[in-house]
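A.B. asks: Dropping the sequence and predicted coords here.
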Amino acid sequence: MTILIGLLAGAHTSSWGMYKDAPHEGFTFPKYFRSIVVATLVALAIEYFTGFGPDSWAHAAVFFGMVYAGERLVVELWKTFIREEDQSKYFIPMQFGVFGKPIKSRGVRWAILAAVVAVIVLTVWGVTRLQAAYPGAPKWAVLLLASAGGWFSAFGGAWKDAPVEGFETFKFFRSPAIATTWSTVMSFFTHNWVFIGLAGIGFTVATIETYKTFFFPNKPRGKFAGKPILFPEILEKRKIVAVLYACIWAAVATILVLGFLGPRDGLLP
């Protein structure tokens, strides 16, 4: 079950990524299977290091969100700070930069990466300590805390996108709002504050990417805005992954429903 959820989360990510990017940069199997492999490894790592796994439908739902968040974190940190790539093909550079200008120094990027990882580790440690010290904290406060991942996403996105395409108020507050909603759902399935927050941001990414990719299929994503479609034949072929994508969402929705119907040990009753 652990590996299956890793495969589902990875295939979900790979599918929306292929659907939106392949018409501009082409399709390759290594790139498509990258997130599937990473997500599977993340699933195994989460279960090994936390002891938390999909041992019930409720926990399977939380686990899916956690794996999703972990895979996105690993890949986005790699793209932003480690990967060396020509940024001229993008309208919005994917490499870490300041005011929209990529930082070319690998040493500087890696130093900032270390700081970012330290902040993430300290945040997880701090939330764990808070739960241990204040186990009876008000549930509304826990849910606000669990939405922290949404704020990380909002500030990170604004840092990268706003210098190029301008600040969008709706876009900035979208991630925190959806993260709070999904964290509330996850709080029915687990009482662990960190797990609630991680799963919440995982489902938030899945929801927002679905909205941006499949509700506006003909609108280029921000990073390819104004860029030509170099592989028009993929516009038809990508419909195959859209079917797979819908099937994965159906499976996840089923897990969520079974989670509510089955045994639960959540923060909320």
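C.D. replies: Nice, thanks for sending it over.

A.B. asks: Read off the pLDDT value for the closest residue to residue 41 other than its chain neighbours.
C.D. replies: Counting by C-beta to C-beta, 6 or more residues apart in numbering, residue 41 lies nearest to residue 6, which is 7.4 Å off, once chain neighbours are set aside. Quick note: C-beta positions are derived from backbone N, CA and C, even for glycine. Reading off the confidence values, residue 6 has pLDDT 95.

A.B. asks: what comes up buried for the longest helix along the chain?
C.D. replies: In the chain, taking DSSP state H as the definition, the longest helix is helix 106-133. Within helix 106-133, the residues that qualify as buried by neighbour count (16 or more other C-beta atoms under 10 Å) are 109, 113, 116, 123, 127, 130, 131.

A.B. asks: Tell me the secondary structure at residue 12.
C.D. replies: Counting by DSSP: H, G, I helix; E, B strand; the rest coil, the backbone at residue 12 sits in helix.

A.B. asks: Now the closest residue to it other than its chain neighbours: which helix or strand?
C.D. replies: Spatial nearest neighbour of residue 12, excluding adjacent residues (C-beta to C-beta, 6+ apart): residue 248 at 4.8 Å. Taking DSSP states H and E as the criterion, residue 248 maps to helix 239-261.

A.B. asks: Show me what that helix is packed against.
C.D. replies: Here helix 239-261 touches helix 2-25, helix 57-77, helix 193-214, going by 3 or more C-beta pairs under 8 Å, 6 or more residues apart in numbering; DSSP states H and E.

A.B. asks: again, only this time at 7 Å
C.D. replies: helix 2-25, helix 57-77 (3 or more C-beta pairs under 7 Å, 6 or more residues apart in numbering; DSSP states H and E).

A.B. asks: winner for burial among the ones you listed?
C.D. replies: helix 57-77 (a mean of 24; mean count of other C-beta atoms under 10 Å).

A.B. asks: Below-threshold pLDDT in this structure: ranges please.
C.D. replies: 221-222 (pLDDT under 70).

A.B. asks: Kindly recompute the last result at 50.
C.D. replies: Low-confidence segments of the chain (pLDDT under 50): none present.

A.B. asks: Redo the buried residues of helix 106-133 as CSV? Include distance to residue 190.
C.D. replies: Formatted as CSV, the buried residues of helix 106-133 follow (distance: C-beta to C-beta, whole Å):
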residue, distance to residue 190
109, 35
113, 29
116, 26
123, 18
127, 13
130, 16
131, 12
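
A.B. asks: Which one of the helices and strands packed on helix 239-261 lies nearest to residue 41?
C.D. replies: Of all the helices and strands packed on helix 239-261, helix 2-25 sits nearest to residue 41, with 7.4 Å by C-beta to C-beta.

A.B. asks: Give me the angle between that closest one and helix 239-261.
C.D. replies: 150 degrees (axes from the mean of the first three to the mean of the last three C-alpha atoms, to 10 degrees).

A.B. asks: which one of the buried residues of helix 106-133 is nearest residue 96?
C.D. replies: Nearest to residue 96 among these, with distances taken as C-beta to C-beta, is residue 109, at 5.4 Å.

A.B. asks: continuing past the longest helix of the chain, what's the next helix or strand?
C.D. replies: With elements assigned by DSSP H and E, the helix or strand that comes after helix 106-133 is helix 139-146.

A.B. asks: Could you pull out the buried residues of that next one?
C.D. replies: By neighbour count with 16+ other C-beta under 10 Å, helix 139-146 contains the buried residues 142, 143, 145, 146.

A.B. asks: List of residues touching it?
C.D. replies: Residues from elsewhere that reach helix 139-146, judged by C-beta atoms under 7 Å, 6 or more residues apart in numbering: 127, 180, 183, 184, 187, 193, 196, 197, 200, 267, 268.

A.B. asks: Neighbours of residue 134, how many?
C.D. replies: Using other C-beta atoms under 10 Å, residue 134 has 12 neighbouring residues.

A.B. asks: got the contact list for the residue nearest to residue 12?
C.D. replies: Taking C-beta under 7 Å, 6+ apart, one finds 8, 11, 12 in contact with residue 248.

A.B. asks: Thanks again, I'm all set now.
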